[in-house]
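**Student:** Quick one: sequence plus predicted model below, questions after.
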Amino acid sequence: MKTPLNIIAFCCRLNRTVMAALVTLALSACVSMPPNDHQISSTVLTDTDDTTMGRSVTEAVASNGGKTGVLLLNTGLGAFVARAVLAINAERSLDVQYYLLHRDLSGRLLLDQLLKAADRGVRVRLLVDDMDMAAVDLGIAVMDAHPNMEVRLFNPFARNRTRLVQYVSRFGSVTRRMHNKSFTADNQLSIIGGRNVGDEYFEAGAESGFADMDVLLAGPAVKEVSKSFDLYWNSALSYTANSLGEPVPSDATKTEAWESLQKWVTSKESSAYIQALRTSDLGRAIKSKEVEYHWADVEIFYDHPDKISADRDQTHLHMSRHLSPYFDDAKSEVFIISPYFVPGKRGTQKLCGLSEKGVDVRVLTNSLASTDVAVVHAGYLRYRKKLLKCGVRLYEANSKLVMRDANLSGYNVENRRRKKKLGMSRSSLHAKMFLFDRRFTFVGSLNLDPRSITENTEIGAVIDSRVIGEELAQAMLNKVPKIAFTVTLDENGKIRWDGYENGEPVTYTREPHTGFFKRAGTQFMRILPIESQI
């Protein structure tokens, strides 16, 4: 989900009179941020080896050569359960960082677990990008008022002007967001990947859902995730709700809010999420030291938070510079999964160069029907034919099928197999994963598009494991043709889409499952000079 781009697409549909009025209003508006001088710094709690998770991880790391334990979280329900289990079993600290945190079923259930952990004496630090936090300053202040819980908003909007106005008057500032996602317990276990917190990421949404991928890490790599969290937490761009002007809530307000949440949670006892949490084997496995990790060397890469306010040519702040060598050094195969894929001229040249020297380059991205941000697809269209002509293999997710077989690997956090066909009206690819020579696997929040590379901040892990790489490659080769269209050029140079629906082969000669107006609108957005923002 790319909220700034949704705003751009909305603005593209406004007529000239409205746009002129909006620009005039924005330029005349006095938008200022309050000082952030009284921020109290804090760092990760490191004395956690004697916790339940610490004892489990320390012993396992020692017996596996000091490597990091890796468990892929490929299902939405499993990914939710893993986060909740970490919160339930935390004894010293929880450090949680997200781009989006919705106030829906899964979001409230996880917030409830964070508050319960704080009630047990666990220090909870919650850092959320301000993109999704409109009109919730009181709720943020209530959580922050808990003696064991601190909440901060990253790169906040000013509270004295509407957000739409600031998209114009502070363009280039509020349009650059913290896209990182991490959930770390006791500095021992951490979850990073593509999922935000919300029903559509955990398969709870009835209308739409995202096929995604996270990774649960245990051991040395977790220390780097914690280091990254501290860097963002102590950044001058991280504000408390109080520093943004929200008064400290009264005791009565806090009590009312907490009681209201508990009443709501009680009413959801029959939900699939609470039931899955009760029957989960992960918590028991952590305590009994029986989690079946794959052990590997893992490197954590992340953007510096100063990237948000720095010039875009300050590439020493960018994590992408660490990933470039993996592309350059690929010898036989590169498999890219990027829901928002806009390679640009340089990226197209790099991928074509790999293909021309014999590397099998495959890219799975969203189709126009499955994407939740059509303007990104418009950017992708500029490079699609060139990529096909130079031998890059392209696959576009079928919006009717991607969530039905979204498990892109052989792993599952739950021992029991959950085979449930989802009744979503539209599903979308959201995983960000790159596989190099079936050895190095990147899982994280980074898309291959200009917004991830130069605008937003990101985090991800590179896993050095031939076992994981081989299993992922085989799973993707087997499953991608079932959930996506194979995009090719016919003998006349026209694009065609081949796939399977209802078990039968199908071929389309125009963007599958789209109407005229959506296709026409996307073609119009294709000519707009906004590639740096997508």
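**Tutor:** Looks like it arrived, so ask away.

**Student:** neighbouring contacts of the longest strand seen in the chain?
**Tutor:** Of all the segments of type strand in the chain, defined by DSSP state E, the longest one is strand 294-302. Residues outside strand 294-302 that contact it (CB atoms under 8 Å, 6 or more residues apart in numbering): 64-65, 67-71, 180, 192, 217, 220-221, 224-225, 228, 231, 319, 322-323, 444, 457-465, 467-468. For the C-beta atoms, the positions are set from N, CA and C on the backbone; glycine is no exception.

**Student:** List only buried entries from these.
**Tutor:** Burial by neighbour count, 16 or more other CB atoms under 10 Å: within these this picks out 64, 67-71, 180, 192, 217, 220-221, 224-225, 228, 319, 323, 444, 457-465, 468.

**Student:** among those, which are in helices?
**Tutor:** Counting by DSSP state H, the buried ones among the contacts of strand 294-302 place 220, 221, 224, 225, 228, 323, 468 in helices.

**Student:** Verify the stated contact: the fourth one with residue 444.
**Tutor:** No - at 10.9 Å, residue 225 and residue 444 do not qualify as touching, with contact defined as CB atoms under 8 Å.

**Student:** Overlap in contacts, these two.
**Tutor:** Common neighbours of residue 225 and residue 444 (CB under 8 Å, 6+ apart) are 192, 459.

**Student:** quick one: low-confidence parts of the stretch 101-250 of the chain?
**Tutor:** 204-208 (pLDDT under 70).

**Student:** And the closest residue to residue 123 other than its chain neighbours, how far from residue 246?
**Tutor:** Closest residue to residue 123 apart from its sequence neighbours, by CB to CB, 6 or more residues apart in numbering: residue 93 at 4.8 Å. Distance of residue 93 to residue 246, given as CB to CB, to the nearest Å: 25 Å.

**Student:** Have a look at these two and say which one is more surrounded.
**Tutor:** Shown here are residue 93 and residue 246; by other CB atoms under 10 Å, residue 93 has more neighbours (23 against 18).

**Student:** mind listing what that one touches?
**Tutor:** Counted by CB under 8 Å, 6+ apart, residue 93 has contacts 44, 45, 48, 122, 123, 124, 125, 184, 185, 186, 187.

**Student:** switch the cut-off to 7 Å
**Tutor:** By CB atoms under 7 Å, 6 or more residues apart in numbering, the contact list for residue 93 reads 45, 48, 122, 123, 186, 187.

**Student:** same deal with residue 61?
**Tutor:** Going by CB under 7 Å, 6+ apart, residue 61 touches 219, 220.

**Student:** Could I get the phi/psi values of it?
**Tutor:** The phi and psi values for residue 61, taken as degrees, to the nearest 10, are phi -60, psi -40.

**Student:** change the start of the numbering to 321 and stick with it
**Tutor:** All right, first residue 321 from here; so that's residue 381.

**Student:** Distance of it relative to residue 548?
**Tutor:** Applying CB to CB to residue 381 and residue 548 gives a distance of 20 Å.

**Student:** is it fair to say residue 666 lies in a helix?
**Tutor:** Yes - per DSSP: H, G, I helix; E, B strand; the rest coil, residue 666 lies within a helix segment.

**Student:** Which secondary structure state does residue 843 sit in?
**Tutor:** Residue 843 ends up helix, using three-state DSSP.

**Student:** Now find how far off-centre stretch 767-774 is within its chain.
**Tutor:** Stretch 767-774 sits 13 Å away from the centroid of its parent chain (CA atoms, centre = their mean, to the nearest Å).
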